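> dropping the sequence and predicted coords here.
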Amino acid sequence: MGDHNQPFLSVSGDPECAPVHDDSVVDDALHRPQGSSKSKLLLAVFSGIFVVCLILAGGYDKSGVIKIHQLEGGDEMGVGPIEMPAGSATTRPSLSRGKSAGVSEKANLSPQQLLGGGEGSGDGLSEDFPWNNSMLSWQRTAFHFQPEKNWMNDPNGPLFYKGWYHFFYQYNPNAAVWGDIVWGHAVSRDLIHWLHLPLAMVADQWYDVQGVWTGSATILPDGKVMMLYTGSTNESVQVQNLAYPADHDDPLLLDWVKHPGNPVLVPPPGIHHKDFRDPTTAWQTSEGKWRITIGSKVNKTGIALIYDTDDFVNFELKDGFLHGVPGTGMWECVDFYPVAVAGGDGLDTSANGAGVRHVVKASLDDDRHDYYAIGTYDEEAGKWYPDNPAIDVGIGIRYDYGIFYASKTFFDQSKQRRILWGWIGEWDSEAADVRKGWASLQGMPRTVVLDTKTGSNLLQWPVEESESLRLRSKEFKNVVAKPGAVVPIKLEAATQLDIVAELELDKEAVDRVVESDEEFKCSSSSSKGAAHRGALGPFGLLVLSEETLSEQTPVYFYVVKGKNATLRTYFCADQSRSSLANDVNKQIYGSSVPVLKGEKFRVRMLVDHSIIESFAQGGRSVITSRVYPTKAIYGAARLFLFNNATEAGVTASIKVWQMNSAFIRPFPNL
Ligand code: DQQ
């Protein structure tokens, strides 16, 4: 039965974790205890090379001393595990005061305030943890889309046009905090490697002078592109505007014309002037009209207004709403699209009829999460009804139980698939963002299809092109983790990974365990996260862990055996021990996830420095974590299998690829 009293997450060496297939070079020295002199030497050499590279690259503030944290004093080497109760010492970054403007989760404060001086320090914004350049520099991702510098938020108007994927995004060209929003623009052949283009649209008209906000693209049957977007006017009124490419023969769509008759829509009677934003891609009705929906609210009821148009200039407001849900507040970035009942290919946004269900997604301004529901679209009435009102939009299923917001899908006609983009924000302090010089990234684009096995949720999966980044792999078969065990998974490096794991609980133990009425919640405040021990969980992987486990991010399953021996499974990520810093988010996230009869527990994880995207059961449930370790970085990052269940052993098969960096750079010679 194992040692139930064993302290959580002590390391137990396990000979069975040796890889059965290994086509990579393994550096055993990196796996010695941190206190060993050889390890120190390696770290010193590595860090030294890194510092030289940094200096050569000139990427640092030369007025400051460049410090490599790992080299500063032996006290940092070989420290034992540090007890950090879940959720302790968490200073949640201050909530958006930009909310009144309809925006981000971070305040747009002056650099002086952000850096802890003046009024800012009284607001909990003082820099509590001594971040150094080496730590901050490690956080920059290698294969997720990011601008070269400054602030980014929502994905805008994604489309595939003349051989190029176009990606536009909310961008502040002047700072690493929200403000001065314009449209950034980049193109790619494969959704992985990106070339930055000049800004697509700037705030140069009275109707968007306070911000060129979120919008969507529609490709007409003749190939023309219509871009509808929200402008914040000179009087902070949210209006909808039309733009189109100046030259439809230009595959790069470099120049955009704002329609001379803008704005094409102003807030209708009864709608507050700051609650009218983010038009969707248009879809065609059977009459041949184009239809769009726009997010809003009436009192606390989040709604999706609906308009018809023939020409994208003149719009007719339809009676009632496409849909609304009481208590959900302002709906931002509404998305509406069809999915095929039979699964498989994605569908054009105008697809309708037999074999088609429709998804409504809203980004809730009140809690900053993206919720979707699957249901039926009644074209004639201009209404959509959820299959299950108990899990309606905003009160049921989320795309992602971590950090993922303001998402948008588009139909990729080149591969007949629907692709989901989402903004992954920062959950460190704004002071740190200002020092880094950048904030936010985009999630790996995901395909979305209906889960034909359950019929009640979507499946999200990293686009197949993500696999082109896979380099050397190592496979670990039948790794056994007894109750209470932590098993090292030995890798040459552990900060850019694609991990695929299948886990099984010892069947006899599952049969033996008595039924329980435990009400489990990944995030419950009484929960200790991954340190909570149940009969059948938690078990999973510790990513971005430091050798002594003083920093670790567990991503795991937790199984409860309920009445009639039914097993309920939860999929969680625990950030409470992810960093020794005290000014970053340390929440525990997750949800229940369907695990059908005969299925193993499956997870795919993309680890890219400060972001971890975890897909459970083929993408039924997804959790994106942003973590900011201070020690488990560069060569000190490790991967472990852990099993904190008290009754059942776990057997895992794990394949890990080192991931290449994507090429994300300016378009040459423009
Ligand atoms: N971000 C945009 C708005 C949208 C919000 C402004 C969602 O259009 O509602 O940057 O993050």
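Happy to help now that I have it.
> which residues in the stretch 351-500 of the chain form helices?
For the stretch 351-500 of the chain, the helices defined by DSSP state H, counting those that start in this stretch occupy 430-436.
> so which bits of it are right by the ligand?
Taking CB under 6 Å from any ligand atom as the measure of proximity, the stretch 351-500 of the chain contacts the ligand at Ala406. Using the backbone N, CA and C atoms, a C-beta is placed for each residue, glycine as well.
> nearest to the ligand: which residue in the stretch 351-500 of the chain?
Relative to the ligand, the nearest point of the stretch 351-500 of the chain is Ala406 (3.9 Å; CB to the nearest ligand atom).
> what's the closest non-adjacent residue to that residue?
Nearest in space to Ala406, with sequence neighbours left out and distances taken as CB to CB, 6 or more residues apart in numbering, is Asp154 at 3.8 Å.
> and the pLDDT at the residue of the stretch 351-500 of the chain closest to the ligand?
On the pLDDT scale, Ala406 is placed at 98.
> what helix or strand is the residue nearest to Ala406 on?
Asp154 belongs to strand 150-161 when assigned by DSSP states H and E.
> any idea how far the helix or strand hosting Glu504 is from the chain center?
Secondary structure here is read from DSSP H and E; on that basis Glu504 sits in strand 496-505. Here strand 496-505 is found 19 Å from its chain centre; the criterion is CA atoms, centre = their mean, to the nearest Å.
> what of stretch 643-652?
How far stretch 643-652 lies from its chain's middle: 29 Å, per CA atoms, centre = their mean.
> hmm, who's touching that stretch?
Residues lying outside stretch 643-652 but in contact with it, judged by CB atoms under 8 Å, 6 or more residues apart in numbering, are 1-2, 4, 8-9, 476, 478-485, 501-506, 509-510, 512-513, 530-539, 556, 641.
> buried subset of those as a PyMOL selection?
To isolate the buried subset of these in PyMOL, counting by 16 or more other CB atoms under 10 Å, use the following:
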select buried, resi 2+8+9+476+479+480+481+482+483+484+485+501+503+504+505+506+509+510+513+530+531+532+533+534+535+536+537+538+539+556+641
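> in strands, which of the contacts of stretch 643-652 fall?
Of the positions in the contacts of stretch 643-652, 476, 478-481, 485, 501-505, 536-539, 556, 641 sit in strands, assigned by DSSP state E.
> OK, contacts around whichever residue of the stretch 551-670 of the chain sits closest to the ligand?
Sorted by distance to the ligand under CB to the nearest ligand atom, the residues of the stretch 551-670 of the chain start with Thr624, at 15.6 Å. Counting by CB under 8 Å, 6+ apart, Thr624 touches Asp400, Gly402, Ile403, Phe404, Gly422, Ile424, Gly443, Ile611, Ile612, Glu613, Ser614.
> inside strands: which ones of those residues?
Assigned to strands by DSSP E, the following of the contacts of Thr624 qualify: Gly422, Ile424, Ile611, Ile612, Glu613, Ser614.
> CSV for those, including distance to Thr293 and pLDDT?
Below are the ones in strands among the contacts of Thr624 laid out as CSV (distance: CB to CB, whole Å; pLDDT from 0 to 100):
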residue, distance to Thr293, pLDDT
Gly422, 19, 98
Ile424, 25, 98
Ile611, 30, 98
Ile612, 33, 98
Glu613, 28, 98
Ser614, 31, 98
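> among those residues, who's most crowded?
Neighbours were tallied for each of the ones in strands among the contacts of Thr624 (criterion: other CB atoms under 10 Å), and the maximum of 29 neighbours falls on Ser614.
> that one and Ile623 touch, don't they?
Yes. The pair formed by Ser614 and Ile623 meets the contact definition of CB atoms under 8 Å, at 4.8 Å.
> ok, the closest residue to Trp461 other than its chain neighbours to Leu503 distance?
In space, not counting the residues next to it along the chain, Trp461 is nearest to Gly619; the distance is 4.5 Å by CB to CB, 6+ apart. In this structure, Gly619 and Leu503 are 17 Å apart, going by CB to CB, to the nearest Å.
> from what I can see Ile374 touches Ile391, true?
No. Using CB under 8 Å, Ile374 and Ile391 do not qualify as a contacting pair, with a distance of 9.0 Å.
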